[in-house]
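Participant: Just the structure for this:
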Amino acid sequence: MILEGVVTNVAAFGAFVDVGVHQDGLVHVSAMSRTFVKDPREVAKPGDIVKVKVLDVDAPRKRIGLTMRLDDAAEPRKPGQGRGDQMTRGQERFSRTPERKAEAGGALAAALAKAQSRRG
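Facilitator: A predicted model of the protein is given here:
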């Protein structure tokens, strides 16, 4: 989808563009031009009106990936393939069952579990 938006901020890694939804989208510095961009402020300044193409929408992480190269193709994702669908290391740790928590805790957790089983 090609949209028109307003550049709200420019950082060393790219530009944030307001495309009319609740969250600004990011145009990464590598997606600002076909040629090498040393400083994104050379390409866009806050307040500029630019045309962007939506590459990626990551709803769980509230991120919108945009490009200013309008001929770039957006790669469709299959369900379960997106970055937002994966559990982080910390989420995985807390989603384990009590039995798996003892296994994952190593020797200390095993010793504590053994001591508790002797107690009661």
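Participant: So, low pLDDT: which residues of the protein?
Facilitator: Within the chain, the ranges that satisfy pLDDT under 70 run 74-106, 120.
Participant: longest helix of it?
Facilitator: helix 106-119 (DSSP state H).
Participant: Would you mark the buried spots in that one?
Facilitator: Neighbour counts over helix 106-119 (16 or more other Cβ atoms under 10 Å) mark no residue as buried. The way it works is simple: take the backbone N, C-alpha and C, and place the C-beta from them, glycine included.
Participant: who does that helix touch, helix- and strand-wise?
Facilitator: helix 98-104 (3 or more Cβ pairs under 8 Å, 6 or more residues apart in numbering; DSSP states H and E).
Participant: For residue 17, list each beta-bridge partner.
Facilitator: Beta bridges link residue 17 to residue 7, residue 25, judged by DSSP bridges.
Participant: Could you report the neighbour count for residue 58?
Facilitator: Neighbours of residue 58 under the rule other Cβ atoms under 10 Å: 14.
Participant: That one and residue 24, how far apart?
Facilitator: 14 Å (Cβ to Cβ, to the nearest Å).
Participant: Check residue 32 too.
Facilitator: Residue 32 is 15 Å from residue 24, by Cβ to Cβ.
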